[in-house]
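K.L.:
A structural model of the following input is requested.
(one chain, ligands or ions: 1)
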Amino acid sequence: MITFANGHAIGYDDVGQGIPVLFLHGFPHNRSLWSPQLGALAADARTIAMDLRGFGESAPCASYSVDDYADDAAALLTELGIDRAVITGLSMGGYTAFAFWRRHRGRVRALVLCDTRPGADSDEARVSRRTMQAQAQGRGSSAIADQMITGMVGSTTRAKHPELVDELHRMMSLAPVAGVVGALDALMTRPDSTATLATIDVPTLIVCGDEDVLTPVKESRAMHLAIAGSRLEIIAGAGHASNAERPATFNHVLSEFLVSLTAQ
Ligand code: MLT
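P.N.:
All right, here's what the predicted structure looks like:
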């Protein structure tokens with residue numbers, strides 16, 4: 001579906017009934033990353049996956065920052081008549097979840113931080129983001145997909161599920177160049193969220209694949225220590241795209257967390 005919120009078109013899926021859960025994808029994905037969750041969790045939750053601006057069916061915009069992404073997410077919730085949601089973000093979606101918390105914390109029922117980290121980019125990382133922007137502009141998004149696919153999944157998925165590797169590669173290759181270039185702006189300008197962690201006082205689930213090389217488990221362990229009362233779940237045999245690589249385990253962990261919220 002497509003709606004108009006925060007001044008532009010936003011593509012989204014809205015499936016099921018129950019506690020609202022808003023899913024925010026990583027770079028350079030689109031909302032279909034969350035298909036394994038929407039299909040499986042819709043019996044118990046209202047699952048909403050949105051395309052961040054410039055990806056999927058969401059319109060490209062003039063500016064790109066994690067704050068812009070967070071404001072788009074809040075505007076979509078308003079459009080859908082949802083006051084508070086479980087904000088669930090993977091990697092760049094997690095960076096957006098931190099921004100959402102800073103800007104719209106009254107609308108956060110709980111947080112789910114998947115394969116992400118709080119730190120900002122180093123100077124070296126920013127140089128590499130600029131190189132990627134030039135590559136995307138010169139050779140298209142498939143150049144970015146070629147570069148990212150190995151780190152996107154774990155060694156188990158590479159060995160046992162080449163079809164998933166192909167699917168993720170296709171998703172990244174199809175990302176509109178404007179969205180990719182804009183997201184790289186958002187990534188390289190994102191603030192350090194380390195100090196934000198101590199302010200989080202809603203139930204928080206941290207999930208990470210044990211084979212994640214882009215945002216390694218040690219980042220999740222550090223977040224777990226910094227966020228009071230948080231839960232940490234390490235998913236065996238999954239890399240950076242843990243929700244897609246081990247969907248049954250991921251869904252089990254997320255379902256249990258959602259049940260714990262509704263029981264409170
Ligand atoms: C992502 O999956 O969103 C990216 O790996 C984030 C990043 O490059 O920092």
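
K.L.:
ok but residue 17 is inside a helix, no?
P.N.:
No - secondary structure of residue 17 (DSSP: H, G, I helix; E, B strand; the rest coil): coil, not part of a helix.

K.L.:
for the ligand, what are the nearby residues on the stretch 1-150 of the chain?
P.N.:
26-27, 91-92 (C-beta under 6 Å from any ligand atom). Quick note: C-beta positions are derived from backbone N, CA and C, even for glycine.

K.L.:
Same list as before, these that is, but in JSON lines and with distance to residue 212 included.
P.N.:
Putting these into JSON lines (distance: C-beta to C-beta, whole Å) gives the following:
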{"residue": "26", "distance to residue 212": "11"}
{"residue": "27", "distance to residue 212": "14"}
{"residue": "91", "distance to residue 212": "9"}
{"residue": "92", "distance to residue 212": "14"}
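
K.L.:
In helices only, show me these.
P.N.:
Counting by DSSP state H, these place residue 92 in helices.

K.L.:
which two from the residues of the stretch 1-150 of the chain next to the ligand end up farthest apart in space?
P.N.:
27 and 91 (6.6 Å; C-beta to C-beta).

K.L.:
ranges for the helices of the chain?
P.N.:
35-41, 66-79, 92-104, 123-139, 141-152, 155-160, 162-173, 177-189, 194-197, 217-226, 242-245, 247-262.

K.L.:
to the chain's geometric centre, what's the distance from the worst-scoring helix or strand of the chain on mean pLDDT?
P.N.:
Ranked by mean pLDDT, DSSP states H and E, the weakest helix or strand in the chain is helix 35-41, scoring a mean of 94. Relative to its chain's centre, helix 35-41 lies at 15 Å (C-alpha atoms, centre = their mean, to the nearest Å).

K.L.:
And that helix, what does it pack against?
P.N.:
Judged by 3 or more C-beta pairs under 8 Å, 6 or more residues apart in numbering; DSSP states H and E, helix 35-41 is in contact with strand 8-15, strand 19-24, strand 45-50, helix 242-245, helix 247-262.

K.L.:
Same list, the ones you listed, but as CSV with distance to residue 171 please.
P.N.:
Shown next, in CSV, are these (distance: least, C-beta to C-beta, whole Å):
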stretch, distance to residue 171
strand 8-15, 14
strand 19-24, 14
strand 45-50, 13
helix 242-245, 10
helix 247-262, 15
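
K.L.:
Quick check: which of those is nearest to residue 174?
P.N.:
Closest approach to residue 174 among the helices and strands packed on helix 35-41 is made by strand 8-15 (13.2 Å; C-beta to C-beta).

K.L.:
buried sites along that closest one?
P.N.:
Neighbour-count burial for strand 8-15, counted by 16 or more other C-beta atoms under 10 Å, picks out 10-14.

K.L.:
Next, the angle from that strand to strand 19-24.
P.N.:
If you take axes from the mean of the first three to the mean of the last three C-alpha atoms, to 10 degrees, strand 8-15 sits at 130 degrees to strand 19-24.

K.L.:
for strand 8-15, packing partners?
P.N.:
Here strand 8-15 touches strand 2-5, helix 35-41, strand 45-50, helix 66-79, going by 3+ C-beta pairs under 8 Å, 6+ apart.

K.L.:
Parallel or antiparallel, list what pairs with that strand.
P.N.:
Strand 8-15 pairs in its sheet with strand 2-5 (antiparallel), strand 45-50 (antiparallel), by DSSP bridges.

K.L.:
can you list contacts of the shortest one?
P.N.:
Judged by C-beta atoms under 8 Å, 6 or more residues apart in numbering, the contacts made with strand 2-5 from elsewhere in the structure are 9-12, 57, 72, 75-76, 78-80.

K.L.:
Adding pLDDT, write those out as JSON lines.
P.N.:
Below are the contacts of strand 2-5 laid out as JSON lines (pLDDT from 0 to 100):
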{"residue": "9", "pLDDT": "98"}
{"residue": "10", "pLDDT": "98"}
{"residue": "11", "pLDDT": "98"}
{"residue": "12", "pLDDT": "98"}
{"residue": "57", "pLDDT": "98"}
{"residue": "72", "pLDDT": "98"}
{"residue": "75", "pLDDT": "98"}
{"residue": "76", "pLDDT": "98"}
{"residue": "78", "pLDDT": "98"}
{"residue": "79", "pLDDT": "98"}
{"residue": "80", "pLDDT": "98"}
